[in-house]
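Asks: next input, structure requested:
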Amino acid sequence: GDSWGIFTFLCAALCNLPALPALNCSEELGAGQSIQQTYDLTRYLEHQLRTLAGTYLNYLGPPFNEPDFNPPRLARAERVPSATVDLDLWRGLTDNARLAANYRAYSRLLCYLRVLDEQVGTAELRHRLAHFCASLQGLVLSIGGVMSSLGYPLPAGPAGTPAPPGAPAAPNDFLKKMDDFWLLKELQTWLWRSAKDFNRLKKKVPPAVVTLRLEARGF
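Replies: Now for the predicted structure:
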């Protein structure tokens, strides 16, 4: 009857309609989230280093574990990337230049820490150093991710080469301990300044946004 004809017509019409656009909700994970994660990792490493440095300086013994020990930086220590740059000069650099400096410095510091890990005499301290090295390697990769998300090229050279080139052994045990002391001291300063860098940078870059995207199918 008429009702069957109308039903048949509606079925045919529905079958020949184009598919409706699908509403897809997705989160764009961009530079903002990458910067936040790098900032969080930097603060975590700061906390981790405080415990590690205290344990390691006790391992070195006096005078290195004394609170007021503040020796001058020797020429040998100049191989370690120094964070003692004029603050106004540092802030005057572009974001790209600061990120590249952080990337190079942590790559280099990681090399020295890995050598340190191989020379430590206690299993517990070796375990702590290995854990810290893994976290620091993560920071290097995270900084590289921030640079990529902002469209900056990575500095030339691999990150975290097995050993620092041109690093002759210390002529005596005291100078070897002095090298270790300055390595930890510079690393502490780098992390402190990096946390401030990423805190400022995350305020300049908008956070991740949720976007609605129409995906048309069947056309």
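Asks: what's the single longest helix in this structure?
Replies: Longest helix of the chain, by residue count under DSSP state H: helix 173-204.
Asks: buried set for that one?
Replies: 177-188, 190-191, 193-195, 197-198, 201-202 (16 or more other C-beta atoms under 10 Å). Using the backbone N, CA and C atoms, a C-beta is placed for each residue, glycine as well.
Asks: repeat that for stretch 138-158.
Replies: 139-140, 142-147, 149-150, 152, 154.
Asks: quick check, nearest of those residues to residue 86?
Replies: The shortest gap between residue 86 and any of the buried residues of stretch 138-158 belongs to residue 143, at 22.0 Å (C-beta to C-beta).
Asks: how about that closest one: what's its closest non-neighbour residue?
Replies: The spatially closest residue to residue 143, leaving aside those adjacent along the chain, is residue 103, at 4.8 Å (C-beta to C-beta, 6 or more residues apart in numbering).
Asks: check which helices and strands whichever strand or helix holds the one you found sits against.
Replies: Here residue 103 sits within helix 95-119, counting by DSSP states H and E. If contacts are counted by 3 or more C-beta pairs under 8 Å, 6 or more residues apart in numbering; DSSP states H and E, helix 95-119 sits against helix 123-149, helix 173-204.
Asks: got the angle between the shortest one and helix 173-204?
Replies: Here the directions of helix 123-149 and helix 173-204 differ by 40 degrees (axes from the mean of the first three to the mean of the last three C-alpha atoms, to 10 degrees).
Asks: figure out how far helix 123-149 is from the centre of its chain.
Replies: Centroid displacement of helix 123-149 relative to its chain, using C-alpha atoms, centre = their mean, to the nearest Å, is 7 Å.
Asks: same deal with the longest one?
Replies: What separates the centre of helix 173-204 from the centre of its chain is 13 Å, taken as C-alpha atoms, centre = their mean.
Asks: the inter-axis angle of that helix versus helix 95-119?
Replies: Orientation check (the same axes, to 10 degrees): helix 173-204 against helix 95-119 gives 150 degrees.
Asks: and helix 173-204, what does it pack against?
Replies: Helix 173-204 sits against helix 31-60, helix 95-119, with contacts defined as 3+ C-beta pairs under 8 Å, 6+ apart.
Asks: adding distance to residue 171, write those out as a markdown table.
Replies: Converted to a markdown table, the helices and strands packed on helix 173-204 look like this (distance: least, C-beta to C-beta, whole Å):
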| stretch | distance to residue 171 |
| --- | --- |
| helix 31-60 | 17 |
| helix 95-119 | 15 |
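Asks: residue 80 is nearest to which of these?
Replies: Nearest to residue 80 among those is helix 95-119; the distance by C-beta to C-beta comes to 6.5 Å.
Asks: from memory the residue nearest to residue 143 sits against residue 154, does it?
Replies: Yes - at 6.8 Å, residue 103 counts as touching residue 154 under the criterion of C-beta atoms under 8 Å.
Asks: check contacts around the residue positioned nearest the centre of the chain.
Replies: In the chain, the centroid-proximal residue (C-alpha atoms, centre = their mean) is residue 139; its distance is 2.3 Å. Taking C-beta atoms under 8 Å, 6 or more residues apart in numbering, we find residue 139 in contact with 38, 41-42, 45, 106.
Asks: at 10 Å instead, please
Replies: Neighbouring residues of residue 139 by C-beta atoms under 10 Å, 6 or more residues apart in numbering: 38, 41-42, 44-45, 102-103, 106-107, 109-110, 191, 194.
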